[in-house]
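S.K.: Fold the following and give me the result.
(one chain, ligands or ions: 3)
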Amino acid sequence: MGRLAVVLTLVLVLLSPFAGAYRVPERGVVYQIMVDRFYDGNPGNNDRFYDSGHRNYRLYWGGDIEGITEKLDYLGSLGVSMVWLTPLNDNINKMAHGSAPYHGYWTRDYKRIEEHFGDWNDFRKLVEEARKRGICVIVDYVPNHAGPATDGEFGALYDNGTKVTDYYEDTRNASVNPTTGIREAVYHHNGNIFRWEGIQLKYANLYGLADFNQLNPWVDSYLTEGARLFVGNGACGLRIDAVKHMELGWLETFYLRLYSERPLFIYGEYYSLSTEGTKDLHELYRYSNVSPVLNMPIREDIVRTFGFVGSFETLARELEVYYSRFLYPNKELNFLDSHDLVRFLNAAKRDDSVERFHMALALTMTLPGIPVIYYGDESYLVSPDGKGDPYNRPMMVFNNTTEAAGIIRTLAGLRKTNDALAFGDFRTLYANYSVWAFERTFGTHRLLVVMNKGSPSNLTLGLDWPDGVYRDALYGAEMAVGNGKATVFLPRNSLYVFHLERPQDEPLIGSLTPYAAQAGQEVLIGGAGFGNAGRVFIGGKEAEVLSWNSTEILIRVPKVETSAAWVNVTVETGGKRSAPAKLRYYSGNDVPALIALEAGNLTGELWIVGNISELAEPRPLLKSSTGYYFTVAPLPNRTAFSVRLYRGSAWEKLEPLNVTLYGVGGRTVVLTRKPPETPAPEPTTTIVHRPIGTNPAPYIALAALLLAVAAVMFRRRAVS
Ligand code: NOJ
Ligand code: CA
Ligand code: CA
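M.R.: Residues are numbered from 1 along each chain as shown. Ligands and ions are numbered 1, 2, ... in the order given. Down below sits the predicted model:
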């Protein structure tokens, strides 16, 4: 390419409205900001429920969008590439349960921005300024619930300023759905969740918050339009709140609509604090096959092992099992601190807490998955007043010169150049109570993380790296490798990161963004060894290539004839073909469907598996109080399908019941024992509304009627 062409391409990339959004998330680091507690860029919007002294943790403290824009250079100095902002939508204008909605999770209007935080212009400016610094903006979005149902504004809901309903008004419109037994209108009206499983988990109020009925077509499109506003104004992704409390089938349709705009990085919060093989954990993995989740289940054990007691050997085993169950372990998100859990430094009570914090921070940045840094972790932010929510949300202290900031900056940099850190596998080479070594590999790139929390020790390991002396990225410690053996000295409370990069001359797929798709959608393929050009095949069909470089390919998904859940994606370049990566495929034209079957004398835990991509993975059914089993799934509209019934529990092999049931895609589908006589055909002609006078149909009908009347009268007269 000539110099002019290079310059022009660069200019085009920089000017493109979503440049930066098409970056591979695995190469980056997310920085989580609680907007109200970060930086006050505009004291003019602080009015109401505001505490200028920052003493009352339940009031607004002044942080806003303009404040984040002002601090973008600071964020850039940490090397982060994505900022996740707590919800920006307009929240209730009242106190509820003794708190102002400074946190952003009590929305009243999904089309507007909270006035304490700014407006759409401020948001666009933030996106634009962030993009100039290679940072993109991810917004927390809350489609599970609006504000508190029984306090504050009582679930009042607005559509760009116009009131739609509130929880009490909505009660009057609510009725019991005959197939699910759920009382619903705009909201669900089934009390609060007190049994944390089954129907309640998704159809009752989470901590008294007005729970949306996402299957109500108005709610469905309102929540989609609200999310589209963020996407349309330049967000590169969304963090979806409380996904555990919504039907995955609705979320799948919601995500597909958003993905049809462009490749977005959407991830969910599935609240589950343990790696025990519960139904909950099974559901988390099921979610993760569609969309990434935050790695909550491992967080407590990491904090315990570094901040209190616990063996690295146990942790290593547990993490290996945990990650091995994901199809996309590298797309899930690791975090040490968050706005919902006690900050590590507020929890750990040890003389060496800060050293252990450094180790745990570096670990969460080197495990499989995308790291999330909670604001203030780089400056050792803690609360002197308390521990958990709301005390884990103190006002930000800016300091990017600390050891923690150095760890973040260095490992954020290494993710961009070391493919093993971004996309590699995960294998423990050695572990005992206080020493742990794990290796990650991707093609020719390697990463070795070694750590010691006990007495100083000399570690010798079998390591298949070229002979030489390697330097740790964080502190410059040395490791000698010779004849397949590595030796490194580990002082007490040390963690070192060794890395090896060699040319990648085979095409290797490390990442698909997003990994769920339908025909026509753009998907970004991240990896290595792609060369300058080549071809991409999806489910055996060639995909249109929109852009190509050695590490990123942007393609459009072709239509694939399949009834499988997953299709293979392969890259061909220079006569070589990559190993396949899996894409979760949807047939397209999907609607969120309530699928029900009469329970009859069926009992136990039932699942369905169907003959279309959308239903190819087993889906558990819920049992209603009105004699049905049901679930929600995306279904191609007006398309006939069949399902087979299975019985069994999560984690177990499902037992086929040898029953096949039939349906046709639509918003509510009651399955039948017999195939539909004639599957509802797609309308072949478009009915156009023409003003009366130009449409001949009524006149033809009228003429026919008059002719018939005349014929009858003529006959009568002739007879008489
Ligand atoms: C999870 C959020 O992270 C938490 O802060 C919030 O209060 C609940 N969801 C309810 O929205
Ligand atoms: Ca302010
Ligand atoms: Ca819900």
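S.K.: Show me what from this protein comes close to ligand 2.
M.R.: Counting by C-beta under 5 Å from the ion, the chain comes close to ligand 2 at Asp40, Asn42, Asn45, Asn46, Gly62, Asp64. Placement of C-beta: from N, CA and C, glycine included.
S.K.: Most neighbours among these, please name it.
M.R.: Counting neighbours by other C-beta atoms under 10 Å, Asp64 leads the residues of the chain next to ligand 2 with 28 neighbours.
S.K.: what sits against it?
M.R.: By C-beta atoms under 8 Å, 6 or more residues apart in numbering, the contact set of Asp64 is Val35, Asp36, Tyr39, Asp40, Gly41, Asn42, Asn45, His116, Phe117, Gly118, Asp122.
S.K.: Would you confirm that the third one contacts Gly376?
M.R.: No: taking contact to mean C-beta atoms under 8 Å, the distance of 11.5 Å between Tyr39 and Gly376 leaves them out of contact.
S.K.: Quickly list what's touching both of those two.
M.R.: Met396.
S.K.: Of those two, give the one with the bigger neighbour count.
M.R.: Gly376 (27 against 20).
S.K.: and that one, how far is that from ligand 1?
M.R.: Separation of Gly376 from ligand 1 (C-beta to the nearest ligand atom, to the nearest Å): 16 Å.
S.K.: Is that residue in contact with Asn399, as I believe?
M.R.: No: Gly376 lies out of contact with Asn399 (C-beta under 8 Å); the separation is 9.0 Å.
S.K.: Next up, identify which helix or strand Lys94 is on.
M.R.: Element membership of Lys94 [criterion: DSSP states H and E] is none; it lies in no helix or strand.
S.K.: If we ignore the residues flanking it in sequence, what's nearest it?
M.R.: Spatial nearest neighbour of Lys94, excluding adjacent residues (C-beta to C-beta, 6 or more residues apart in numbering): Gly152 at 4.4 Å.
S.K.: so what's the residue of the stretch 301-450 of the chain found nearest ligand 1 closest to, chain neighbours aside?
M.R.: Closest residue of the stretch 301-450 of the chain to ligand 1, C-beta to the nearest ligand atom: Asp340 (4.8 Å). With sequence-adjacent residues excluded and distances taken as C-beta to C-beta, 6+ apart, Asp340 is closest to Asp389, at 6.1 Å.
S.K.: re earlier: what's near enough to touch the residue nearest to Lys94?
M.R.: Taking C-beta under 8 Å, 6+ apart, one finds Ile92, Lys94, Met95, Ala96, His97, Pro101, Trp106 in contact with Gly152.
S.K.: give me that answer again for 6 Å
M.R.: Ile92, Lys94, Ala96 (C-beta atoms under 6 Å, 6 or more residues apart in numbering).
S.K.: Put together JSON lines for the residues you listed, with pLDDT on each row.
M.R.: Shown next, in JSON lines, are the contacts of Gly152 (pLDDT from 0 to 100):
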{"residue": "Ile92", "pLDDT": "98"}
{"residue": "Lys94", "pLDDT": "98"}
{"residue": "Ala96", "pLDDT": "98"}
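S.K.: Hmm, Lys331 is touching Pro292, no?
M.R.: Yes: counting by C-beta atoms under 6 Å, Lys331 touches Pro292, with 4.5 Å between them.
S.K.: Looking at the contacts of Asp64, which is nearest ligand 3?
M.R.: Val35 (24.1 Å; C-beta to the ion).
S.K.: Return the distance of the residue nearest to Lys94 relative to ligand 3.
M.R.: 19 Å (C-beta to the ion, to the nearest Å).
S.K.: so what's that residue scoring on pLDDT?
M.R.: Among the per-residue scores, Gly152 shows a pLDDT of 98.
S.K.: That one - that's part of a helix, no?
M.R.: No: using DSSP: H, G, I helix; E, B strand; the rest coil, the secondary structure at Gly152 is coil, not a helix.
S.K.: State the distance from it to ligand 1.
M.R.: 14 Å.
S.K.: next one: Thr171
M.R.: From Thr171 over to ligand 1 (counting by C-beta to the nearest ligand atom), the distance is 22 Å.
S.K.: Contacts only, for that residue.
M.R.: Contacts of Thr171 (C-beta under 6 Å, 6+ apart): His189.
S.K.: Distance check, it against ligand 3.
M.R.: From Thr171 to ligand 3 the distance is 17 Å (C-beta to the ion).
S.K.: now that residue, what's its secondary structure?
M.R.: Per three-state DSSP, Thr171 ends up helix.
S.K.: I'd like the domain boundaries of the protein, if you could list them.
M.R.: Listed by automatic domain parsing, the domain ranges of the chain are 27-144+217-416, 427-500, 508-586, 591-670.
S.K.: So for the third one, mean pLDDT?
M.R.: Same thing as domain 508-586. 98.
S.K.: Helices of the stretch 1-150 of the chain, residue ranges please.
M.R.: Taking DSSP state H, counting those that start in this stretch as the test, the helices found in the stretch 1-150 of the chain are 3-15, 65-70, 72-77, 120-132.
S.K.: lowest-confidence stretch among the ones you listed?
M.R.: helix 3-15 (a mean of 43).
S.K.: Which elements pack onto whichever strand or helix holds Leu258?
M.R.: Counting by DSSP H and E, the element that carries Leu258 is helix 248-259. Contacts defined by 3 or more C-beta pairs under 6 Å, 6 or more residues apart in numbering; DSSP states H and E place helix 248-259 against helix 217-232, strand 590-598, strand 628-636.
S.K.: between the second one and strand 628-636, how big is the angle?
M.R.: Pointing back at strand 590-598 there. 160 degrees (axes from the mean of the first three to the mean of the last three C-alpha atoms, to 10 degrees).
S.K.: mean confidence for strand 590-598?
M.R.: On average, strand 590-598 scores 98.
S.K.: do the same with the last one
M.R.: For strand 628-636, the mean per-residue pLDDT is 98.
S.K.: how big is the angle separating that strand from helix 248-259?
M.R.: With the same axes, to 10 degrees applied, the angle from strand 628-636 to helix 248-259 works out at 20 degrees.
S.K.: From ligand 3, how far off is the closest residue to ligand 1 within the stretch 51-200 of the chain?
M.R.: Closest residue of the stretch 51-200 of the chain to ligand 1, C-beta to the nearest ligand atom: Tyr105 (3.6 Å). Tyr105 sits 14 Å away from ligand 3, going by C-beta to the ion.
S.K.: Just give me the neighbour total for that residue.
M.R.: 21.
S.K.: All good on my end, thank you.
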